[in-house]
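Engineer: build me a model:
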Amino acid sequence: MPSIVQIINPAGDGGAATGMCAPLTGGSDKARLARPLERGPYAVASKDRKTIVKMLVLSKEEAGYDPETFALSTLAADADPELIARLRATWTLAQFTFESHDPMVYPALDFLLGVCTRLAYLSDGLVADPISQRYLLPHEVFHSNRVDPRIDARDHVSVRFRVRPDGLHAFTLGMQKFALPEYEITGLSEQDSDLAARFLLVIAQTSLLGDLAKQGTLYGSVKAPFEARTGGFDKALWEGVDVFELLPPTRLTASEALAAWRSEV
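Structural biologist: Numbering: from 1, shown residues only. The predicted model follows:
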């Protein structure tokens, strides 16, 4: 494992994240900052101290983590072989939880992901996002061509798909990090997957920038808009999560409404 000063230091020297970190146990020996991370809790803070994160370093056995659960699942079918190799080589985890955050929220998220990315880079590891259900190689965490300089939904939200009897079910995962509803569309054809992902991420981006959905909000084509209505009726997937289902006009299928949107953008 890398040392604290390699991961984060006040000047950001050597490519480290900018901020501070200190062990929460074992005294205040400053020499520990230059030694490899040890099992136990740490406090990680942004330089302005508006964001404080707790980092807990522990073994995969203590965390109850089995990399094969993902590696052998359908989610890993198209994964980068390097990602799977790193996943299976995992023996230590660092779990991050917010203790406080910048009131603007976006800087706090950038700070957290920056620390995670740096740690993953130094340890030949991965960044795991349990809410959006993604494992990311360090270079995949941030999109360099940000949609907006404040925040890019693609850094925080994923789009997933399930095949159901009524067609393809597309839905977001990650909006709940912001105490916002997820979005879903049902009844799509499998050929719609790329377009549906693009459409849902556009809506997620709009919401993250403050244009919040409510019952009856319209999205998509001016002539054939989707309407946001209460969703999340599949409790096995959505128990405890707020969801808006995007319904096409009654005269059209979801695929047709998506095609209408594509023709206008």
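Engineer: so where do the helices sit in the stretch 101-250 of the chain?
Structural biologist: With helices called from DSSP state H, counting those that start in this stretch, the stretch 101-250 of the chain shows them at 106-122, 193-208, 235-238.
Engineer: rebuild those as JSON lines, extending it with mean pLDDT.
Structural biologist: Conversion of the helices of the stretch 101-250 of the chain to JSON lines gives the following (pLDDT from 0 to 100):
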{"stretch": "helix 106-122", "mean pLDDT": "96"}
{"stretch": "helix 193-208", "mean pLDDT": "97"}
{"stretch": "helix 235-238", "mean pLDDT": "94"}
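Engineer: in this protein, where is pLDDT below threshold?
Structural biologist: Using pLDDT under 70 as the threshold, the predicted model of the chain has no low-confidence range.
Engineer: ok, the residue nearest to the spatial centre of it - contacts?
Structural biologist: With distances taken as CA atoms, centre = their mean, the chain has residue 156 as the residue nearest its mean C-alpha position (3.4 Å). Contact analysis of residue 156 by CB atoms under 8 Å, 6 or more residues apart in numbering lists 109, 129, 132, 174, 177-178, 208. Backbone N, C-alpha and C define where each C-beta goes, glycine included.
Engineer: coming back round to it: is it possible to get a markdown table of the helices of the stretch 101-250 of the chain that adds mean neighbour count and distance to residue 252?
Structural biologist: What follows is the helices of the stretch 101-250 of the chain, written out as a markdown table (neighbours: other CB atoms under 10 Å; distance: least, CB to CB, whole Å):
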| stretch | mean neighbour count | distance to residue 252 |
| --- | --- | --- |
| helix 106-122 | 20 | 36 |
| helix 193-208 | 19 | 15 |
| helix 235-238 | 12 | 25 |
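Engineer: so which of those helices comes closest to residue 39?
Structural biologist: Evaluated with CB to CB, the helices of the stretch 101-250 of the chain place helix 106-122 nearest to residue 39, the distance being 14.9 Å.
Engineer: what is the closest one packed up against?
Structural biologist: Identification of packing neighbours for helix 106-122 by 3 or more CB pairs under 8 Å, 6 or more residues apart in numbering; DSSP states H and E yields helix 4-7, strand 17-23, strand 40-46, strand 52-59, strand 92-100, strand 127-129.
Engineer: can you name the residues in contact with that helix?
Structural biologist: Identification of contacts with helix 106-122 by CB under 8 Å, 6+ apart yields 2, 6-8, 15-17, 19, 44, 46, 50-51, 53, 55, 94, 96, 98, 101-102, 125-127, 137-138, 141-142, 150-151, 155-156.
Engineer: ok, so of the contacts of residue 156, who is nearest residue 230?
Structural biologist: Here the nearest of these to residue 230, counting by CB to CB, is residue 178; it sits at 18.8 Å.
Engineer: gap between the nearest residue to that closest one once chain neighbours are set aside and residue 146?
Structural biologist: Among residues not flanking residue 178 along the chain, residue 208 sits closest, at 6.5 Å (CB to CB, 6 or more residues apart in numbering). Separation of residue 208 from residue 146 (CB to CB, to the nearest Å) stands at 12 Å.
Engineer: hey, what's in contact with both of the two?
Structural biologist: With CB under 8 Å, 6+ apart, residue 208 and residue 146 have no common neighbours.
Engineer: what sits against the residue nearest to residue 178?
Structural biologist: By CB under 8 Å, 6+ apart, the residues touching residue 208 are 151, 153, 156, 178, 180.
Engineer: outline the domain layout of the chain.
Structural biologist: Using automatic domain parsing, the domains assigned to the chain come out as 4-140, 153-264.
Engineer: just those: most buried one?
Structural biologist: Mean neighbours per residue, mean count of other CB atoms under 10 Å, is largest over the domains of the chain for domain 153-264, with a mean of 17.
Engineer: can you give the distance of that domain from its chain's centre?
Structural biologist: Taking the mean of its C-alpha atoms, domain 153-264 sits 17 Å from the chain's own mean (CA atoms, centre = their mean, to the nearest Å).
Engineer: fine by me, thanks again.
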